[in-house]
Each structure stands twice: as structure tokens, then as C-alpha cells.
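>>> below are the sequence and a predicted model; questions follow.
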Amino acid sequence: GYLPFTLMSPMMSKADQLAAKGDTKGIVRLNYLAMALLGLLFAIVCTLGMLGGSAMGTTLSNLAAKYAWVMAGLGAAGGMMRFVGFATLLRIMLSNEFWGIYFAGFALATIIGYIPELSGSALLLIAFVGIAIALYDYQTRVSSRLLVLVLLRMEATTKMASNATHYNNLTPAKPLDKATLNKMVFRSLNLQASFNYERMQAAGWLYCILPGLEKIHGDNKEDLKLSMEHNLEFFNTHPFLVTFVMGIILSLEQQKADIETIRAVRVAAMGPLGGIGDAIFWFTLVPITAGITSNMAINGSLAGPIMFLLIFNIVQFACRFFLMYWSYNLGTKAIDILTANAKEFTRAASMLGVFIVGALTSNYGGTTVATVIENGDSPIVIQSILDGVLPKLIPLALTLGLFFLMKKKNWKPVTCIALLLVIGLVGAFFGIFA
């Protein structure tokens with residue numbers, strides 16, 4: 001998966017251009033192209049295997065061994081691409097007062113990651129802590145301004161007229177119809193078709209919710225462009241539970257909430273679903289269903305694999321449809337509560353988002369060095385020394401380094417990708433990356 005996911009990263013630059021133009025058909029075509037390329041790659045591999053047999057396998061193994069450093073370099077670069085997405089989110093969401101929140105999320109994720117019993121549910125636990133911090137900040141700030149609520153509302157209204165982080169047309173759109181919601185549920189099946197190491201599921205995410213965005217912002221081309229652009233930022237969640245995030249975000253888009261709030265809610269909601277989805281599907285549903293139906297198949301019953309596919313798909317489709325409608329209705333009902341204290345909610349949601357990004361930096365940061373210095377019977381392992389200074393130091397340094405290049409030097413994500421590709425290949429050639 002390293003090669004296709006790495007090669008798909010530059011496609012995000014094209015996606016950005018299409019979003020800036022409001023070219024919805026172009027986004028759809030780009031996702032179809034990614035699906036076709038991925039399918040073609042699988043077809044080529046399968047065809048070569050069938051035609052070449054064991055001889056082809058031997059040839060490929062020899063080539064892989066001969067150019068192992070290239071594959072290692074691509075793998076290392078691919079693992080680092082996600083830091084471009086994290087840096088992009090920080091560039092947009094991080095203010096000076098939230099640096100401590102970011103490092104707190106990173107530190108907590110690193111600590112939990114070293115506890116085997118908790119590492120599987122790390123993001124869920126971190127989300128609870130982040131929600132507690134954000135909720136405390138929200139309640140404190142709301143209670144401190146009750147006496148001047150009217151004045152602050154007037155101030156917020158004034159800001160909305162000139163702040164570029166708001167849509168131009170602030171009139172709430174009509175509720176989305178069932179046909180549109182159902183269309184987006186089926187599109188969610190292709191969430192990962194254009195998966196890449198820069199922004200992971202971002203292109204697929206925009207493809208999934210595009211029908212809803214067209215209905216909501218169809219009367220204002222500039223608002224549609226804005227919505228497409230911020231929905232192309234880093235995104236990664238459990239593919240079977242993505243409709244939960246879709247419903248909430250679409251309800252905010254429908255009510256024309258400010259973009260900063262939508263972005264913060266999206267980042268905060270996507271993280272914890274990974275652990276929840278794994279627990280529901282991979283650790284519960286699949287083992288139980290496979291255990292029952294595999295015995296049927298072993299006994300020669302054709303009903304075994306058929307039953308497995310039926311049960312698995314009925315459950316996952318039921319989850320997709322239920323979560324889409326439930327979260328969409330939930331978000332719509334909560335809008336009045338959120339907008340009553342919009343300034344405080346946006347701040348709390350941004351705080352939670354930055355906290356989650358800090359946790360993601362650690363949780364998804366698997367980049368390590370393989371350099372070992374010979375020292376008799378006690379070789380010096382560089383990675384062990386770095387872990388002694390600060391675990392996950394390399395992912396943190398790369399993320400902050402890319403953030404600096406984007407924020408201060410105005411580097412574009414595609415330039416950062418090229419830099420990481422060079423670092424990965426050069427590092428693998430000299431044995432820095434395994």
C-alpha cells in the first residue's frame with residue numbers, strides 16, 4: 001500500500017485547485033480516477049501473478065531485495081506524509097494561546113500509547129479528556145458573560161459581516177431531503193478510494209458530502225468554493241462510522257455556521273470513531289460472525305460465506321443509514337444551543353480540535369530511525385536515546401517543522417511532500433530508516 005498511497009498524495013494539489021474553482025464535477029472525476037487507478041493496480045498484480053506464477057513471484061522478490069532501500073524510502077516517506085495534514089490543520093486552527101493544549105494532547109496520547117491495556121482505545125479516552133477541558137472552558141466563559149450577552153451578540157454580528165471565515169449567505173438552507181442523504185450514504189462506501197498519505201481520506205470525504213454541499217450552497221458559488229476548500233483538509237476516521245460525522249457537519253453547513261466552528265467539530269468528531277469502530281466491527285462483529293459461519297463452510301456448507309457477507313453488510317449498512325439520519329437530526333436540533341453562545345462554542349470546539357491534533361501527532365506518528373552505532377557488546381541504538389529524551393520526538397519535530405515552513409515560509413503542501421519524499425529516500429539509502 002505504500003506506493004499507491006504515496007503516489008496519490010500529489011493528487012490533493014489538483015483537488016485543491018478544483019475546490020478553489022468550485023468544480024464539483026472535477027472532484028467527482030478525480031475520485032473516479034483514483035478508484036480506477038487503484039483497481040488497475042490490483043488487476044495488474046493479480047494478472048501478473050496468474051500469468052507468471054512462481055517465476056514472477058521470484059523475480060519480484062529479487063527486485064524488491066535489490067532495491068530494498070527504495071521501497072524502504074517510499075515507506076518512510078509515506079509514513080511521514082500524514083504530518084503534512086497535521087501541520088496544515090495547525091496552521092489553520094492553532095492560535096498562540098492553544099500551544100499548551102496541543103502539547104497536552106500530544107503528551108497524553110504518548111503516555112496512553114505506552115500502556116498496552118489502553119493503547120487500543122487511546123483516541124477515545126483522549127477525546128473524553130479533551131471534551132472535559134473544552135466543556136469547562138465553554139461553561140466558564142458563558143457564565144462570565146451572561147450580563148453582557150446582548151452586547152456580545154451585537155459584536156458577533158458585526159464581525160460576521162467582515163470576517164472571511166464566515167459564509168457570504170448566512171440564511172439557513174432548506175433541510176436536506178432523504179434522497180440526498182441516501183445518496184451520500186452510498187457514496188460513503190468509496191471514502192477510502194482516493195486515500196493518500198498527505199490528507200488520508202480528505203478527497204473521499206469531500207466526494208461523499210458533495211451532493212449535500214451542492215444543495216446547501218447551490219445559490220452561492222463563492223460559498224460552495226469556501227465549503228469545498230475547508231472540507232478538503234486532513235480527514236481520517238472509521239469508514240463504517242463516517243456518516244455520523246457527515247450528518248453533524250451537514251447540519252452545521254445547512255445552518256451556515258462559521259467555518260471555524262465546522263472545522264473544529266469535524267476534527268474533534270473524526271478522531272474517537274476509529275477506536276469505537278474497531279471495537280464494534282473488527283473486535284466484535286467480525287470474529288463472532290466469522291467463528292459461526294466458518295464452521296459452516298468447513299463442513300461443506302455454501303451458506304457459510306453467504307451468511308457471513310449478509311450479516312456483515314446488513315450491520316454495516318444499518319449503521320451507515322442510522323448514523324446519517326440520527327446525527328443530522330441531532331445536529332439540526334443542537335444548532336440553536338450552539339449559536340446562542342457561538343463565540344464560546346467556537347473557541348471550545350477549536351480547543352478540542354487542537355487537542356485532538358496533538359493526540360493524532362503521537363498516535364499516528366510511527367516514524368523511527370534504524371541507525372545503530374557499533375560499540376562492542378553494547379551497540380548504541382539512536383532511537384532508544386531519542387525515546388529516552390522524548391517518545392515520539394521525530395513525529396513531533398516533523399509536524400512542527402512543517403508547520404513552521406507553511407506558516408512562516410509560505411510553503412505549499414505539495415512542496416512539503418516533495419521534501420519528505422527526499423528525506424525518506426535519502427534516509428533509507430544511508431540506512432537511517434529501516
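Sure, I can see it. Residues are numbered from 1 along each chain as shown.
>>> looking at the protein, which helix or strand is least sure?
Least confident element among the helices and strands of the chain, by mean pLDDT, DSSP states H and E: helix 149-162 (a mean of 38).
>>> moving C-terminal from that helix, which element do we reach first?
As assigned by DSSP states H and E, the chain's next helix or strand after helix 149-162 is helix 178-187.
>>> may I see the buried residues of that next one?
Counting neighbours by 16 or more other C-beta atoms under 10 Å, one finds that the buried residues in helix 178-187 are T180, L181, K183, M184, V185, R187. C-beta: built from backbone N, CA, C; applies to glycine.
>>> what about stretch 208-217, distance to the chain center?
For stretch 208-217, the gap between its own C-alpha mean and the chain's C-alpha mean amounts to 19 Å (C-alpha atoms, centre = their mean, to the nearest Å).
>>> ok, now stretch 424-432?
27 Å.
>>> mind listing what's buried in that stretch?
By neighbour count with 16+ other C-beta under 10 Å, stretch 424-432 contains the buried residues G424, L425, G427, A428, I432.
>>> so what touches that stretch?
Outside of stretch 424-432, the residues within contact range by C-beta atoms under 8 Å, 6 or more residues apart in numbering are 69-70, 72-78, 80, 369-371, 433.
>>> highest neighbour count among these?
M80 (29 neighbours; other C-beta atoms under 10 Å).
>>> which residues touch the residue nearest to it when sequence neighbours are not counted?
Once flanking residues are discounted, M80 sits nearest to L420: 4.6 Å by C-beta to C-beta, 6 or more residues apart in numbering. By C-beta under 8 Å, 6+ apart, L420 lies in contact with A77, M80, M81, F83, V84, L398.
>>> now tabulate those in JSON lines and tack on pLDDT.
JSON lines is the format used below for the contacts of L420 (pLDDT from 0 to 100):
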{"residue": "A77", "pLDDT": "86"}
{"residue": "M80", "pLDDT": "89"}
{"residue": "M81", "pLDDT": "85"}
{"residue": "F83", "pLDDT": "91"}
{"residue": "V84", "pLDDT": "88"}
{"residue": "L398", "pLDDT": "94"}
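>>> can you list those residues in a markdown table and add secondary structure?
Compiled in a markdown table, those are given as follows (DSSP: H, G, I helix; E, B strand; the rest coil):
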| residue | secondary structure |
| --- | --- |
| A77 | helix |
| M80 | helix |
| M81 | helix |
| F83 | helix |
| V84 | helix |
| L398 | helix |
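>>> related to what we said a few turns ago, from the buried residues of stretch 424-432, which is closest to L89?
Distance to L89, by C-beta to C-beta, is smallest for G424 among the buried residues of stretch 424-432, at 21.7 Å.
>>> quick one, the helix ranked longest in the chain and helix 178-187 angle?
Taking residue count as the measure and DSSP state H as the definition, the longest helix of the chain comes out as helix 24-66. For helix 24-66 against helix 178-187, the angle between stretch directions is 10 degrees (axes from the mean of the first three to the mean of the last three C-alpha atoms, to 10 degrees).
>>> averaged pLDDT, helix 24-66. What do you get?
Helix 24-66 shows a mean pLDDT of 82.
>>> many thanks, have a good one.
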